[in-house]
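Make a model of this:
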Amino acid sequence: MAMHRLSWFRLAVIGFVCALAVVKPLSLLADDLSPRPIKLGAIVSLTGDAALNGQNWLDGARLAIEEIQASGRQAQLVVEDDGTAPARVASSFIKLATIDKVDGIIGGTWDFLAETAYPLARQYKIPFITPTNPVEVLSPSARKNAWIFSNGMSLISERKAIDKFILSQHISSLALVFVNVPYGTLHAELVRQVAKERGVNVVLESTVTYQGFQDEIKLAALRISQRRPDMVFVVLSYAGVDLLLREFERSHTEPIVLMTHTLKEAYDFGASPKRYERAFGLFPLFESVAFAQKFFAKFKYQPYDYAAAGYDAVNFMAQLADKRVQWRIDNISLTYNGVTGRHALPTVDRGVVQGSAVILTIAHGSLVDASPLTGK
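Predicted structure coming up:
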């Protein structure tokens with residue numbers, strides 16, 4: 001009888017252990033089905049020449065992280081300042097990949113900073129996206145790198161906006177002033193092509209070096225004041241833009257000035273509204289009014305420059321991180337409808353966004369759509 005009771009006891013213990021063996025895997029499965037935490041890195045220019053551009057896209061990225069957190073999901077953005085220096089981009093990337101072990105990295109405020117990160121993305125197998133550089137600026141080796149992506153406003157979308165602007169303003173002659181880096185030279189070539197197609201005479205080209213640009217910009221302004229073109233297309237930093245327009249003001253030269261993304265920073269830096277009455281800038285078209293409202297409510301300034309692309313980059317990388325358990329980086333399919341357009345993988349040329357460009361101007365200190373002024 002005692003032996004019989006002992007057998008039943010042993011059977012009960014065995015049954016309890018088996019039940020634990022079943023329950024534990026089920027609990028682990030439940031954990032696997034819950035959203036996994038997201039940790040992203042941001043290599044951003046918070047100091048140095050690109051600091052205003054960097055802060056702008058970082059604010060957009062932070063807004064996206066906060067919204068992910070508000071949805072109930074754990075999300076973290078680890079921020080590294082590159083000081084607008086390629087060497088610091090490299091050290092920051094290695095830290096984020098090896099110590100912080102992030103799921104992906106956002107960065108490359110200027111083109112030469114992004115190029116530093118591209119080979120590291122392949123080496124450490126960490127996805128990297130640049131929200132500030134058009135895909136056309138990528139080097140040939142970068143275009144073959146499956147670990148990098150761009151959601152910057154493309155030159156294709158800019159070309160359409162520039163073409164309409166030149167037509168609406170009845171431009172017959174123009175000058176080019178651009179910094180001698182890929183971002184500048186490619187934009188200059190783009191405007192040359194549009195001008196040729198429209199029969200617009202390019203009367204002057206002034207290339208400005210990255211270092212020691214002040215004298216070169218003053219010389220460009222002098223030459224433009226002598227040639228008097230209808231329009232000047234400018235690719236410079238905000239300080240360079242304001243210096244050029246200041247020189248125009250002194251010489252009583254009043255061309256239409258169309259620039260890339262630096263209009264608002266230059267306006268705020270110069271603190272001279274009259275200087276910017278005929279100035280226009282190229283920006284991504286927002287497909288969400290709500291984003292601009294949320295951004296302003298949090299940061300108390302308009303989202304301009306790269307803010308929306310920084311926001312979209314975080315959301316895109318968060319979706320990419322969700323697929324990491326199963327991925328081959330070159331065989332992922334996903335879509336994200338962002339503020340700056342539809343983002344999608346797979347991609348052939350490393351550009352993941354299909355968006356549009358819009359031309360804005362300044363009115364009462366704020367960026368506004370230039371269409372009513374240009375007749376588009």
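
Contact partners for the residue nearest to the spatial centre of the chain?
Ranked by distance to the mean C-alpha position of the chain (Cα atoms, centre = their mean), the top residue is residue 131 at 1.9 Å. Counting by Cβ atoms under 8 Å, 6 or more residues apart in numbering, residue 131 touches 57, 60, 61, 106, 150, 151, 152, 306, 309, 310, 312, 313. Bear in mind the C-beta positions are built from the backbone N, C-alpha and C, glycine included.

Leaving out the residues flanking it, which one is nearest to it?
Closest residue to residue 131 in three dimensions, ignoring its sequence neighbours and counting by Cβ to Cβ, 6 or more residues apart in numbering: residue 309, at 3.6 Å.

For the helix or strand containing that neighbour, list the C-alpha coordinates in PDB.
Here residue 309, judged by DSSP states H and E, is contained in helix 307-322. Output in PDB follows, covering the C-alpha atoms of helix 307-322 (Å, rounded to 0.1, in the frame of the first residue of the first chain):
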ATOM      1  CA  ALA A 307      13.200  67.900 -39.400                       C
ATOM      2  CA  ALA A 308      10.600  65.800 -41.200                       C
ATOM      3  CA  ALA A 309      13.200  63.500 -42.800                       C
ATOM      4  CA  GLY A 310      14.700  62.900 -39.300                       C
ATOM      5  CA  TYR A 311      11.300  62.000 -38.000                       C
ATOM      6  CA  ASP A 312      10.700  59.600 -41.000                       C
ATOM      7  CA  ALA A 313      14.100  58.100 -40.600                       C
ATOM      8  CA  VAL A 314      13.300  56.900 -37.100                       C
ATOM      9  CA  ASN A 315      10.000  55.400 -38.000                       C
ATOM     10  CA  PHE A 316      11.500  53.700 -41.100                       C
ATOM     11  CA  MET A 317      14.400  52.200 -39.000                       C
ATOM     12  CA  ALA A 318      12.000  51.100 -36.300                       C
ATOM     13  CA  GLN A 319      10.100  49.000 -38.900                       C
ATOM     14  CA  LEU A 320      13.400  47.700 -40.200                       C
ATOM     15  CA  ALA A 321      14.500  46.700 -36.700                       C
ATOM     16  CA  ASP A 322      11.300  44.600 -36.300                       C
END
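
centre of the chain versus the helix or strand harbouring residue 89, how much separation?
Using DSSP H and E, the secondary-structure element containing residue 89 is helix 86-98. With Cα atoms, centre = their mean, to the nearest Å as the basis, the distance from the averaged C-alpha position of helix 86-98 to the chain average is 19 Å.

Now it: buried residues?
Along helix 86-98, these residues count as buried under the neighbour rule (16 or more other Cβ atoms under 10 Å): 88, 89, 90, 92, 93, 96, 97.

List just the nearest of the residues you listed to residue 163.
Checking these against residue 163 with Cβ to Cβ, the nearest one is residue 89 at 34.6 Å.

what does the model give the closest one for pLDDT?
Note on residue 89: pLDDT of 98.

and it, what is it in contact with?
Shown here is residue 89, whose contacts under the criterion Cβ under 8 Å, 6+ apart are 43, 82, 107, 108, 113, 116, 117.

Mind checking which of the residues you listed are in helices?
Using DSSP state H, the members of the contacts of residue 89 that fall in helices are 113, 116, 117.

Distance check, the second one against residue 191.
In other words, residue 116. In this structure, residue 116 lies at 28 Å from residue 191, with Cβ to Cβ, to the nearest Å as the measure.
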